[in-house]
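> My questions are about this predicted structure, shown below with the sequence.
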Amino acid sequence: MKKNRGNRSTQGLISISASLLSIAIGLLVGLALLFILNPDHALDGFRKILVTGVLTTEKLAKVLYQAAPLMLCGLSVAFAFKTGLFNIGATGQYTIGAFGALTAGIALQLPWYVALLFAIVCGAVLGAIPGICKALFNVNEVITSIMFNWITMYAVNLAINNMPIMLSNFWAKSTIKDRTASLSVANPSAVLPKANLDVLMNSNYINIGIFIAIGVAIIMWVILQKTVFGYELKACGYNRHASQYAGINAKRNIVLSMGISGALAGLGGGVYYLSGTGQYTLLKALLGMGFNGIPVALLASSNPMGVIFSALFISYIMVGGDALQPHFIKENIDIIISAIIYLSAFALLMKGWISKIFLRNSVDNANAEIAFESEPVDKPAQPGGVGEGILPAADVKKEEEV
């Protein structure tokens, strides 16, 4: 038992070290890019990246606001990773979740908690489809999920465009037809409660979304680490055929795993668009939030508790990057943030390097212990034995003469 606990603590230390090393390298690359783009303001810009997020409560509120959907998308990808699947369709599930939440809030005039349920169900259904294809037909989930990203985006745009009640110009005297209506006008009961945090932090961004995301992360950790269901999911991920031999229904678990992963991404879309500050825009482009969940999951080594901190970090960097203007144009800021996030995704590679160092040190310690135990140890003399108990030759001769 103690040995297993020691192994788990060692693996946890390796994962944390790998993530911190990846963050440090990413920040250094960002600093180098700043010097290349504008040497005169590079250090000042780097300082803004590091401290802007905590300078005021308003900036901190924006960090928490952006971290909530990012955390849920990261959990979506991490949960699939833990069960041996790669859910690259999180952005499509995020989009359909947003559509479900907005439809419930605007078209059906339902409260926010029911709208979130719509988002969860929509994401789960879309996520389960690649899982069904994987379980029944052995179709790679990467192919099906990435195809559904585009299918979902065009389907959602088509549906909203043909639902006049969903569009902004239906609720206000405006000619804007390319975005959904503001929830604060269409249905204030669909906006996520702020729990007086907007007054406390002097920001209209903050709401209970961050607490929802953290609560879901804790639930996912408990499911994966403390339940039989979570053990079966991970067993199927490690070795599908061995789990089937052990009596686990691998096909069912694959579908459930992708369904849960899709539900998490869908919830992320609901949390973001029910905040009351964002409106869905009808663009022929995939939403980036789902893809950003991939580096969040990699940086956290797919640990649900680690996803909380990695999402907060990436959101923090994004808020700091916005403060670089006017010395750096928006495109340069996006390049810097992308480089940091991209290099942060190398946490698994860093983890492999650090594991080798730990393994080498443990082998050296084990060899040292073996060498120490094999050294001769002085034993007490015994009569007639070999060692200090034997009389010298001269004394034996004297006894014979007597």
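Perfect, I can see it now. Numbers count the residues shown, from 1 in each chain.

> now the helices for the stretch 51-200 of the chain?
Ranges of helices in the stretch 51-200 of the chain, per DSSP state H, counting those that start in this stretch, are 57-82, 90-102, 112-137, 141-161, 168-171, 183-186, 197-201.

> Which secondary structure elements does the first one sit against?
To tie it back to what came earlier, the one meant is helix 57-82. Here helix 57-82 touches helix 90-102, helix 197-201, helix 209-226, helix 228-238, helix 250-273, helix 288-299, helix 304-322, going by 3 or more C-beta pairs under 8 Å, 6 or more residues apart in numbering; DSSP states H and E. The C-beta positions use only the backbone N, C-alpha and C, and glycine is treated the same way.

> Okay, buried residues for the second one please.
Right, helix 197-201. For helix 197-201, the neighbour count (16 or more other C-beta atoms under 10 Å) marks 197, 201 as buried.

> Who are the packing partners of that helix?
helix 57-82.

> relative orientation of the helix it packs on and helix 228-238 in degrees?
For helix 57-82 against helix 228-238, the angle between stretch directions is 70 degrees (axes from the mean of the first three to the mean of the last three C-alpha atoms, to 10 degrees).

> can you give me how far helix 57-82 is from the chain middle?
Distance of helix 57-82 from the chain centroid (C-alpha atoms, centre = their mean, to the nearest Å) equals 8 Å.

> Also compute the angle for it relative to helix 112-137, please.
Using the same axes, to 10 degrees, helix 57-82 lies at 30 degrees relative to helix 112-137.

> picking up where we left off before, deepest-packed of the helices of the stretch 51-200 of the chain, please.
Ranked by mean neighbour count, these are led by helix 90-102 with a mean of 31 (mean count of other C-beta atoms under 10 Å).

> Which other helices and strands does that helix contact?
Secondary structure elements in contact with helix 90-102, counted by 3+ C-beta pairs under 8 Å, 6+ apart, are helix 57-82, helix 112-137, helix 141-161, helix 250-273, helix 288-299.

> Of the ones you listed, which is nearest residue 282?
With C-beta to C-beta as the measure, helix 141-161 is the member of the helices and strands packed on helix 90-102 nearest residue 282 (5.0 Å).

> just checking, what packs against that closest one?
Using 3+ C-beta pairs under 8 Å, 6+ apart: helix 141-161 touches helix 90-102, helix 112-137.

> If you average the pLDDT over that helix, what comes out?
Helix 141-161 carries an average pLDDT of 95.

> What are the contacting residues of it?
80, 85-89, 91-93, 95-96, 98-99, 102, 126-127, 129-131, 133-134, 166-167, 180, 258, 280, 282-287, 290 (C-beta atoms under 8 Å, 6 or more residues apart in numbering).

> try 6 Å
85-89, 91-92, 95-96, 99, 130, 133-134, 166, 282, 286 (C-beta atoms under 6 Å, 6 or more residues apart in numbering).

> ok, and for the helix ranked longest in the chain, which residues are buried?
Assignment by DSSP state H gives helix 2-37 as the longest helix of the chain. Buried positions in helix 2-37, judged by neighbour count with 16+ other C-beta under 10 Å: 14-19, 21-23, 26-27, 30-31, 33-34, 37.

> Which strands and helices lie in contact with that helix?
Contact partners of helix 2-37 among helices and strands, from 3 or more C-beta pairs under 6 Å, 6 or more residues apart in numbering; DSSP states H and E: helix 42-51, helix 330-344, helix 347-373.

> weakest of the ones you listed by average pLDDT?
Mean pLDDT is lowest for helix 347-373 among the helices and strands packed on helix 2-37, at a mean of 65.

> among the helices and strands of this structure, which has the poorest mean pLDDT?
helix 393-401 (a mean of 47; mean pLDDT, DSSP states H and E).

> where does this structure dip in pLDDT?
1-9, 12, 174-175, 344-345, 347-348, 351, 358-359, 361-402 (pLDDT under 70).

> swap the cut-off to 50 and go again
2, 379, 381-394, 396-402 (pLDDT under 50).

> right, and residue 235 touches residue 243 too?
Yes. Proximity of residue 235 to residue 243 meets the contact threshold set by C-beta atoms under 6 Å, at 4.3 Å.

> Pipe the helices and strands packed on helix 90-102 into JSON lines and attach distance to residue 331 per row.
Output for these, formatted as JSON lines (distance: least, C-beta to C-beta, whole Å):
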{"stretch": "helix 57-82", "distance to residue 331": "19"}
{"stretch": "helix 112-137", "distance to residue 331": "31"}
{"stretch": "helix 141-161", "distance to residue 331": "23"}
{"stretch": "helix 250-273", "distance to residue 331": "23"}
{"stretch": "helix 288-299", "distance to residue 331": "15"}
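
> What separation is there between residue 111 and residue 332?
For residue 111, the distance to residue 332 (C-beta to C-beta, to the nearest Å) stands at 42 Å.

> if you count what's nearby, which of these two comes out ahead?
Between residue 111 and residue 332, counting by other C-beta atoms under 10 Å, residue 332 is the more crowded of the two (19 against 14).
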